[in-house]
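*Asks:* Quick one, structure for this:
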Amino acid sequence: MAPKSKISRTRNIGIVAHIDAGKTTVSERILFYTGKSYKMGEVHDGEAVMDWMPQEQERGITITSAVTTCEWKNHDIHIIDTPGHVDFTIEVERSLRVLDGAVVVFCAVAGVEPQSETVWHQADKYGVPKIAFINKMDRVGADYFGAIGMMRDRFTSIPVPVQVPAGSEDNFRGVIDLIRQKYLIWDESSQGLNYSEADIPAEFAEMTKAGREQMIEALAENDDELADKYLAGAEIAAADITAALRRATIALKIVPVLCGSALRNKGVQPVLDAVVNYLPSPEDVPPVRGLNPLTKEEEMRISSDKEPLAALAFKIMQEEGRKLTYVRIYSGQIKAGDEVYNAVKKRKEKIARLLRMHANKRERIEKAGAGELVAVLGLKETTTGDTLCDETKPIMLELMEFYEPVISQAIEAKTPADQEKLAVALDKLAEEDPTLRVKYDEETAQTVISGMGELHLEIIVDRLKREFNAYVNVGKPRVVYRETITRPVAVQGLFEKELGDKKHFGQVYLALSPRPTGSGNEIINKLDENIIPAEYQEAIKAGISEAMMSGVINGYPVMDVEVKVTDAIFKDGESTVQGYKIAAATAFRDGCNQADPALLEPIMLVDIITPTEFMGDVIGDINSRKGEIQSINPKGTVSEVKAKVPLKAMFGYSTDLRSATQGRAVFSMIFSEYNRA
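*Replies:* Predicted coordinates:
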């Protein structure tokens, strides 16, 4: 066999899961076993704080860098850590966008939890192949096959166990590898660094045989090469199974399932083997597609150093006051000192330094090629989602979609010295986090920050204090409303004024009509260039767009409105850009006033998992908050309740839920839609 190229020995993976399934513990073990860190950090002491600490939820993992690189069996594995809390869904979203594969960690006791479901569907959206690791096999109530059953019910790809546990709960002794038919036992004294293979004990022989049969059958249904051998009744070797698993995993048909207990140091090395064996290298994934900004044609780039450069900036971090940009290179190469072209901002940028991130230290490198994840110093204008490319062969990769914030909070600096720090700090945080919006309110002299949830804003305030020494007074969280109209109207706007010694004129006719909920705004220009020159048509559009930013009821942004520009009057020598802009904005506002404007409020999709005996209380409480129950799914001793509830009724819900269920219920919520308030 020819030696494999560097790119085929690269894996870009993310470790994703619900809060508390054990991502951090799994990541810590991976770094320890690959020799990247010399001691294991634990979630329950020192560096990796218990999961409820705001800083831990914010980072999701103890390693401060977003990307860490380790080596396993001559393969470079780049790992991106992702948080588990739903307020930070954007972090997971942008990581999955640049990854080629994911390890999804489930808890053997809880099985498929709401946030692990969200993450799974996000991975499907980006076509990311997955392997599943069912963790915490040593916990009371661990049920490996129960968790797999839940995966079967919830997901389209088929979970295929490639291992079965030898015992569970207190009797969890090791793992049985169904492919090579070996019993793996970890040595406790070496912190699980060493493990040995033995023959399968007689008590597990039946289970192994049945498990192996089922695995081969599932593979034969999803892979033609293996099906031929299976139907011919030929002996199926371990190598055939591994090859078939790789093909079916990359084709998104199946998900190999492994098990273990990361905290007890059992079962982690086979996960690394599975990453190498089943998850794709950058060469195995389809070429990345983007638009050529000059020709507006779709182009693609193959994952190769020889192609023109195409790279995506997917995360910004402030480190010691300097801006670090994390970049995924899809094709071509980047060298330190290069000039690259930012296709979104249409600016040239200089790469001052290239860094490869390793767990706790970083290494300066001179160049990086296709398939790599690196950090760059020196990019001034680049923000999350921008494409860096070769100016002579430009390409714009698909922009990332960001969620709209649903909750806002007024903050004000405690002292004038804090005020100066505050502005700088918020700029930096907003650059880092695309879901954070910052607005200065002239009337109240307060700064309003908006984000994805109470926890999100809590952490922003905490970081202002901790990282930037900016102390603030915090107002009560408020809901971010929107405005819309409920019936169609036709209006005209006229502006005629002498400002200075110049006459300004503009007259515009608009037709406003409501659009379906959630469909956004649309401005349709029906004007011909013979009626009015193009530059004034642009001014009309700009006037309408600006007016949409603040509605007529309470100044909230207007949404779901269609505006047709039906006519305009032109006066030679008097018409001006300013005139049309003001006329269009006035017409839009008048139109909104006449079209029965309405307030829209954010509705959240709330997912509650509660012990069944508290079901009645939980449902009664949701009804008292004017919530609508969507579904109730019993799952053994607990039940899952899904409901849609107005966000304004959800403040302080976590405290109420805890007291109603003796602290045993958990919930997560995510924005669903805007609805008439």
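*Asks:* Now for residue 164, how many residues are close by?
*Replies:* Per other C-beta atoms under 10 Å, the neighbour tally for residue 164 reads 22. Where C-beta positions appear, they are placed from N, C-alpha and C, glycine not excepted.
*Asks:* So it: helix, strand or coil?
*Replies:* Secondary structure for residue 164, judged by DSSP: H, G, I helix; E, B strand; the rest coil, is strand.
*Asks:* what about it, distance to residue 145?
*Replies:* Distance from residue 164 to residue 145, counting by C-beta to C-beta, to the nearest Å: 9 Å.
*Asks:* Same question for residue 580.
*Replies:* Residue 580 sits at a distance of 68 Å from residue 145 (criterion: C-beta to C-beta).
*Asks:* the more surrounded of these two?
*Replies:* Counted by other C-beta under 10 Å, residue 580 and residue 145 do not tie: residue 580 has more neighbours, with 30 against 14.
*Asks:* Now the closest residue to the more buried one other than its chain neighbours: which helix or strand?
*Replies:* Nearest non-adjacent residue to residue 580, counting by C-beta to C-beta, 6 or more residues apart in numbering: residue 506, 3.7 Å away. Here residue 506 sits within strand 502-514, counting by DSSP states H and E.
*Asks:* Pull out the buried residues from the helix or strand that comes right after that strand.
*Replies:* Moving toward the C-terminus from strand 502-514, the next helix or strand (DSSP H and E) is strand 522-525. Judged by neighbour count using 16 or more other C-beta atoms under 10 Å, the buried positions of strand 522-525 are residue 523.
*Asks:* try stretch 541-561
*Replies:* 541-545, 547-548, 551-553, 556-561.
*Asks:* That one spans what distance, first to last residue?
*Replies:* Across its full length, stretch 541-561 reaches 14 Å end to end, with C-alpha to C-alpha, to the nearest Å as the criterion.
*Asks:* mean confidence for that stretch?
*Replies:* Confidence for stretch 541-561, expressed as mean pLDDT, is 91.
*Asks:* Can you give the contact residues for it?
*Replies:* Residues from elsewhere that reach stretch 541-561 (C-beta atoms under 8 Å, 6 or more residues apart in numbering): 480-485, 508, 510, 512-523, 525, 563, 565, 580-585, 588-589, 592-593, 597-600, 674.
*Asks:* List buried residues within the residues you listed.
*Replies:* With burial judged by 16+ other C-beta under 10 Å, the buried subset of the contacts of stretch 541-561 is 480-485, 508, 510, 512-514, 521, 523, 563, 565, 580-585, 588-589, 592, 597, 600, 674.
*Asks:* Which strand or helix spans the closest residue in space to residue 540 that isn't next to it in sequence?
*Replies:* Using C-beta to C-beta, 6+ apart and skipping the chain neighbours, the partner closest in space to residue 540 is residue 584 (4.4 Å). Element membership for residue 584, per DSSP H and E: helix 577-594.
*Asks:* so what strands line up beside whichever helix or strand comes after that helix?
*Replies:* Note on helix 577-594: by DSSP H and E, the next helix or strand toward the C-terminus is strand 597-611. Looking at strand 597-611 with DSSP bridges, its partner strands are strand 482-485 (antiparallel), strand 638-646 (antiparallel), strand 666-676 (antiparallel).
*Asks:* average pLDDT for strand 597-611?
*Replies:* What strand 597-611 shows for mean pLDDT is 88.
*Asks:* How many residues are close by the closest residue to residue 332 other than its chain neighbours?
*Replies:* Once flanking residues are discounted, residue 332 sits nearest to residue 309: 3.3 Å by C-beta to C-beta, 6+ apart. Each residue near residue 309 was counted by other C-beta under 10 Å, and the total is 24.
*Asks:* Now the terminal residues of stretch 377-392, how far apart.
*Replies:* End-to-end distance for stretch 377-392: 23 Å, by C-alpha to C-alpha.
*Asks:* tell me which residues of that stretch are tucked away?
*Replies:* 377-379, 382-390.
*Asks:* Mind listing residues that contact that stretch?
*Replies:* So stretch 377-392 is in contact with 94, 290, 308-316, 322-325, 327, 332, 334, 340-345, 347-353, 355, 395-397, 399-400, 402, 431, 434, going by C-beta under 8 Å, 6+ apart.
*Asks:* still on that earlier bit, in this model residue 509 seems to touch the residue nearest to residue 540, though I could be wrong.
*Replies:* No - applying C-beta atoms under 8 Å as the test, residue 584 and residue 509 come out as separate, 10.0 Å apart.
*Asks:* what about residue 76, distance to residue 167?
*Replies:* Relative to residue 167, and taking C-beta to C-beta, residue 76 is found at 35 Å.
*Asks:* Which of these two has more residues huddled nearby?
*Replies:* Applying other C-beta under 10 Å to residue 76 and residue 167 shows that residue 76 carries more neighbours, namely 19 against 15.
*Asks:* Confirm that the more buried one sits in a strand.
*Replies:* Yes - assigned with three-state DSSP, residue 76 falls within a strand.
*Asks:* That one contacts residue 8, doesn't it?
*Replies:* No - applying C-beta under 8 Å, one finds residue 76 not in contact with residue 8, separated by 10.7 Å.
*Asks:* before we move on, back to that, if I pick the residue nearest to residue 540, what's in contact with it?
*Replies:* Residue 584 neighbours (C-beta under 8 Å, 6+ apart): 493, 506, 508, 510, 539-544, 547, 565.
*Asks:* can we see that at 7 Å?
*Replies:* Contacts for residue 584 (C-beta atoms under 7 Å, 6 or more residues apart in numbering) come out as 493, 508, 540, 543-544.
*Asks:* Show me the shaky parts of the stretch 401-550 of the chain.
*Replies:* Low-confidence regions of the stretch 401-550 of the chain, defined here as pLDDT under 70, cover residues 401-404, 442-445.
*Asks:* switch the cut-off to 80
*Replies:* Across the stretch 401-550 of the chain, the ranges flagged by pLDDT under 80 are 401-406, 432-435, 440-446, 452-456, 467, 476-478, 500, 529.
*Asks:* ditto for the stretch 151-300 of the chain
*Replies:* The stretch 151-300 of the chain contains residues with pLDDT under 80 at 154, 156, 167-169, 188-192, 234, 262.
*Asks:* so where do the helices sit in it?
*Replies:* Listed in chain order, the helices of the stretch 151-300 of the chain (DSSP state H, counting those that start in this stretch) span 205-222, 224-231, 238-250, 268-278.
*Asks:* Quick check: which of those is buried the most?
*Replies:* helix 268-278 (a mean of 21; mean count of other C-beta atoms under 10 Å).
*Asks:* and it with helix 238-250, angle?
*Replies:* Inter-element angle recorded for helix 268-278 and helix 238-250: 80 degrees (by axes from the mean of the first three to the mean of the last three C-alpha atoms, to 10 degrees).
*Asks:* Any idea how far helix 268-278 is from the middle of the chain?
*Replies:* Centroid separation for helix 268-278 versus its chain: 24 Å, with C-alpha atoms, centre = their mean, to the nearest Å.
*Asks:* Show residues contacting it.
*Replies:* Under C-beta under 7 Å, 6+ apart, the answer for helix 268-278 is 11, 13, 26, 29-30, 33, 72-73, 75, 77, 103, 131, 133, 163, 175, 192, 195, 242, 245-246, 249, 256, 258, 260, 262.
*Asks:* Can you select the buried ones from those in PyMOL?
*Replies:* What follows is the PyMOL syntax selecting those of the contacts of helix 268-278 that are buried according to 16+ other C-beta under 10 Å:
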select buried, resi 11+13+26+29+30+33+72+75+77+103+131+133+163+175+192+195+242+245+246+249+256+258+260+262
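*Asks:* and which of the buried residues of stretch 377-392 is nearest to residue 661?
*Replies:* Using C-beta to C-beta, residue 384 is the member of those that lies nearest residue 661, at 38.0 Å.
*Asks:* contacts for stretch 661-677?
*Replies:* 86, 89, 114-115, 118, 403, 406, 481-482, 517-518, 559, 598-611, 614, 618, 644, 650, 657.
*Asks:* Try it again at 6 Å.
*Replies:* 86, 114-115, 406, 482, 518, 598-611, 614, 644, 657 (C-beta atoms under 6 Å, 6 or more residues apart in numbering).
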